[in-house]
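Undergrad: starting from these lines, generate the structure:
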Amino acid sequence: MADSPNTFNATAANFDAEVVQSSVPVLLDFWAAWCPPCRMLKPELAALAPELVGKVRVAFVDVDAEPSIAGAFEVRGIPALFLMKDGEIIDSWTGYSPRAAVKARLEQHVGPIGG
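TA: Below is the predicted model of the structure:
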């Protein structure tokens, strides 16, 4: 579900260019298809993504397809979210959060978000 210009699927192949070197913060959503809370969160993030243009990009990381990335972030439970800026983790949390809660948490780091 990377159907917005502000969302993408993070992979080992594109991680450095799309996440580490991103000019705007990137919210990483570690998820799996078999995880019910992940399946609830993913559409919330996809719906929020258009409001985040220019402030935060949203990257989906399938833990089954990209175990090396999940391992590097020491992901132990999913959904796990990490906000990265300039290649550094500036916030992280685990578990389902509704769209408004995610937006409020992001605003602590990037200021007001439109919409």
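Undergrad: so the most centrally placed residue in the chain: helix, strand or coil?
TA: Closest to where the C-alpha atoms of the chain average out (C-alpha atoms, centre = their mean) is Leu28, at 2.5 Å. Here Leu28 is recorded as strand under DSSP: H, G, I helix; E, B strand; the rest coil.
Undergrad: find the nearest non-adjacent residue to it, please.
TA: Leaving aside its sequence neighbours, Leu28 sits nearest to Phe82 (C-beta to C-beta, 6 or more residues apart in numbering; 4.4 Å). Quick note: C-beta positions are derived from backbone N, CA and C, even for glycine.
Undergrad: circling back to that earlier point, let me see the contact set for the residue nearest to the centre of the chain.
TA: Neighbour list for Leu28: 10, 19, 59, 61, 73, 81-84 [criterion: C-beta atoms under 8 Å, 6 or more residues apart in numbering].
Undergrad: how does it look with 7 Å?
TA: 10, 19, 59, 61, 81-82, 84 (C-beta atoms under 7 Å, 6 or more residues apart in numbering).
Undergrad: show me the residues you listed that map onto strands.
TA: 59, 61, 81-82, 84 (DSSP state E).
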